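> Sequence plus predicted model, see below.
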Amino acid sequence: METILVTGGAGFIGSHVCVELIEAGFRVVVIDNFVNSTPEALERIESITGERVHFMDVDMMDLDSLDEVFLTYTIDAVIHLAGLKAVGESVTDPLQYYRYNLTPLLHLCECIEKHHVHRLVFSSSATVYGPPQHVPIPETHPVKTENPYGRTKHMSEQILKDFQRSYFPVKIVILRYFNPVGAHQSGLIGEKPTGVPNNIMPYITEVAIGRLPVLHIFGDDYPTRDGTCIRDFVHITDLANGHVKGIEATERMDPGVAVYNLGTGKGTTVKELLHTFEHVTQTTIPFTIADRRSGDVAVSYADVRAAERELGWKSTKGIEDMCKDAWRWQHLNPTGYVKR
């Protein structure tokens, strides 16, 4: 049984990745400092899988603490998810994003080389593409990041490419996410942002549960079929399974770096997502049209043929599944992760 280190494994994406890894037969070691997560998520993972999650409370800014993880466990591969991810926050506090998204990666690369680990899957983002020149967006699309968060992801990708050239045995898969939404079908783990959500699905569910009064849709005058932005929403469980496929790919690939989009390859407008949610949950979501947000593009969805061809990965869940599962999580956990 291989041991996979998952950084940020108690977060929204990390918790789902851990479930998929365990169910695929891997042993999971999680490190997290709970800045944007909670220990309760680890207990929920164990409830879903019936397996133990090995855990160390580690701040990756501390190189010695990170090194201790590699001394404690024999790590076969790493999935690096830890980091800050709010675009708006990155604009108001860019230094924090450069500090906390880049330094931990540098420390991780040092430990990987020191302890002779040869396989890494990295969490990147479609934000690296910026305004698309054409859709669907392939991995070969020019990179044009327009905010500090996106730039930290692009810089991280460059760091990993340079690291691979210097540490030749390492095999790296970079996964560029589009818009992960939904929750595990059990309703035990899901997304619970702090404050007003930056992402559309938790915004919708928190209005539905009554925690927020109204949904703000940012712009309805885009050149799309209903005037709202088109995005590629991908179910979090599908996205998590993409990491399992990425780990498996690092076993068979030659040393080097491979980049893959994770999305559905289909675009859905914000209003279509909203109306689908209302339909499947039999709820009514009050909404208002607000001004466009700076940096939002009209249309963005992925070309996912490379992931299907080379990873053997393809999304399986549609928008209705995403809405049903997100609502189940929110309905069962109205205040997020609270001890039962």
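Thanks, I have it.
> in what helix or strand does residue 258 lie?
Taking DSSP states H and E as the criterion, the element that holds residue 258 is strand 256-262.
> Then residue 31?
Assigned by DSSP H and E, residue 31 belongs to strand 27-32.
> what packs against that strand?
Applying 3 or more C-beta pairs under 8 Å, 6 or more residues apart in numbering; DSSP states H and E, one finds that strand 27-32 contacts strand 3-7, helix 12-23, strand 54-57, helix 63-72. (C-beta placed from N, C-alpha, C; glycine too.)
> How about the secondary structure of residue 89?
Classification of residue 89 by DSSP: H, G, I helix; E, B strand; the rest coil places it in helix.
> Who are the contact partners of it?
Residue 89 is in contact with 96-97, 149, counting by C-beta atoms under 8 Å, 6 or more residues apart in numbering.
> Within its sheet, name the partner strands of the next helix or strand after the strand holding residue 258 and how each one runs.
Along the chain past strand 256-262, the next helix or strand (assigned with DSSP H and E) turns out to be strand 268-269. According to DSSP bridges, strand 268-269 forms sheet pairs with strand 230-231 (antiparallel).
> what does the partner strand rub up against?
For strand 230-231, using C-beta under 8 Å, 6+ apart, the contacting residues are 178-179, 200, 222, 224, 267-270, 298-301.
> Name the member of the residues you listed with the shortest distance to residue 110.
When those are ranked by distance to residue 110 (C-beta to C-beta), residue 178 comes first, at 30.7 Å.
> Show the contacting residues for that closest one.
In this structure, residue 178 makes contact with 126, 231-234, 261-264, 300-302, judged by C-beta under 8 Å, 6+ apart.
> so how far is residue 325 from it?
Between residue 178 and residue 325 the distance, using C-beta to C-beta, to the nearest Å, works out to 17 Å.
> quick one on the thing from earlier: mean confidence score for the strand holding residue 31?
Per-residue pLDDT values over strand 27-32 give a mean of 98.
> Now do it: everything it contacts.
Here strand 27-32 makes contact (C-beta under 8 Å, 6+ apart) with 1-11, 14, 18, 21-22, 42, 51, 53-58, 60, 66, 69, 73, 75, 82.
> Go again with 7 Å.
Taking contacts as C-beta atoms under 7 Å, 6 or more residues apart in numbering, the residues outside strand 27-32 that touch it are 1-10, 18, 21-22, 42, 53-56, 58, 69, 73, 75.
> Check which residues of the helix or strand bottoming out on mean pLDDT in the chain are buried.
Averaged element by element with mean pLDDT, DSSP states H and E, the chain has its least confident helix or strand at helix 87-92 (a mean of 90). Within helix 87-92, the residues that qualify as buried are 87, 89-90, counting by 16 or more other C-beta atoms under 10 Å.
> Show the buried residues in the contacts of strand 27-32.
With burial judged by 16+ other C-beta under 10 Å, the buried subset of the contacts of strand 27-32 is 4-10, 18, 21-22, 42, 53-55, 58, 69, 75.
> Residue 324 touches residue 280, doesn't it?
Yes - between residue 324 and residue 280 there is a contact under C-beta atoms under 7 Å: 5.3 Å.
> quick one on the thing from earlier: average pLDDT for the strand holding residue 258?
For strand 256-262, the mean confidence score works out to 98.
> Check stretch 229-249 too.
When pLDDT is averaged over stretch 229-249, the result is 98.
> would you list every one of the strands in the stretch 201-340 of the chain?
Listed in chain order, the strands found in the stretch 201-340 of the chain under DSSP state E, counting those that start in this stretch are 215-218, 230-231, 233-235, 256-262, 268-269, 287-290, 299-300.
> and those strands, which is most packed in?
When the strands of the stretch 201-340 of the chain are scored by mean count of other C-beta atoms under 10 Å, the highest mean neighbour count falls to strand 233-235 (a mean of 27).
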